[in-house]
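[1] Show me the folded form of this:
(one chain, ligands or ions: 1)
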Amino acid sequence: MNEKSTLKPDEIRKIIWGLSLRRAKLQNKLFTPHQMIEGCIHKIYKKCGNPKCYCVTGKKHGPYWAISKKTGGKTKITYISDTGTVKKAFAYKKYNKDLATLRKINEKIYYWLRILRDKNTVSYEK
Ligand SMILES: [Zn+2]
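    Residues are numbered from 1 along each chain as shown. Alright, predicted model coming up:
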């Protein structure tokens with residue numbers, strides 16, 4: 001039994017309704033994904049190796065964009081040269097973030113539905 005909530009069933013239904021609207025909106029967005037590129041996008045600054053370059057003591061070169069991807073225990077980094085690819089990599093990141101948000105909303109709905117169940121449940125004894 002979950003005794004945590006002191007809210008009335010109508011208030012709980014209102015919360016669930018609100019969460020459902022958020023979920024529907026997010027789901028609708030996830031229905032039509034853009035072209036994406038798998039991996040984790042990184043902004044990289046680095047030293048060039050020239051001992052006379054300003055980057056030895058000062059500001060590093062960059063930013064450069066790169067995608068890191070784990071394959072067989074190793075992380076492979078691939079530099080990106082065009083903005084279209086950067087956008088596709090960011091689309092992938094955003095999609096995964098939205099999926100995580102969707103899961104959290106679902107968990108909340110599940111949580112509140114269980115409270116509703118428990119508010120209407122007694123144990124049967126003779
Ligand atoms: Zn340099």
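
[2] Which residues belonging to the biggest strand by length in the chain are considered buried?
    Ordering each strand of the chain by length in residues (DSSP state E) puts strand 61-71 first. By 16 or more other C-beta atoms under 10 Å, the buried positions in strand 61-71 come out as 65-67. Every C-beta, even on glycine, is put in place using the N, C-alpha and C of the backbone.

[3] again, but for stretch 36-51
    Within stretch 36-51, judged by 16+ other C-beta under 10 Å, the buried ones are 36-37, 39, 41.

[4] closest to residue 23 among those residues?
    Nearest to residue 23 among the buried residues of stretch 36-51, counting by C-beta to C-beta, is residue 36 at 21.6 Å.

[5] close enough to count as contact, that closest one and residue 87?
    No. With contact defined as C-beta atoms under 8 Å, residue 36 does not reach residue 87; the gap is 9.4 Å.

[6] Spit out the contact partners of the residue nearest the centre of the chain.
    Residue closest to the mean C-alpha point of the chain, counted by C-alpha atoms, centre = their mean, is residue 97 at 1.6 Å. Listed by C-beta atoms under 8 Å, 6 or more residues apart in numbering, the contact set of residue 97 is empty.

[7] What distance do you get for residue 87 to residue 29?
    Note on residue 87: its distance to residue 29, by C-beta to C-beta, to the nearest Å, is 16 Å.

[8] Who has more neighbours out of those two?
    residue 87 (16 against 13; other C-beta atoms under 10 Å).

[9] can you tell me the average pLDDT over the helix or strand that one falls within?
    Using DSSP states H and E, residue 87 sits in helix 83-119. Helix 83-119 carries an average pLDDT of 96.

[10] for stretch 15-34, same thing?
    Mean predicted lDDT for stretch 15-34 stands at 97.
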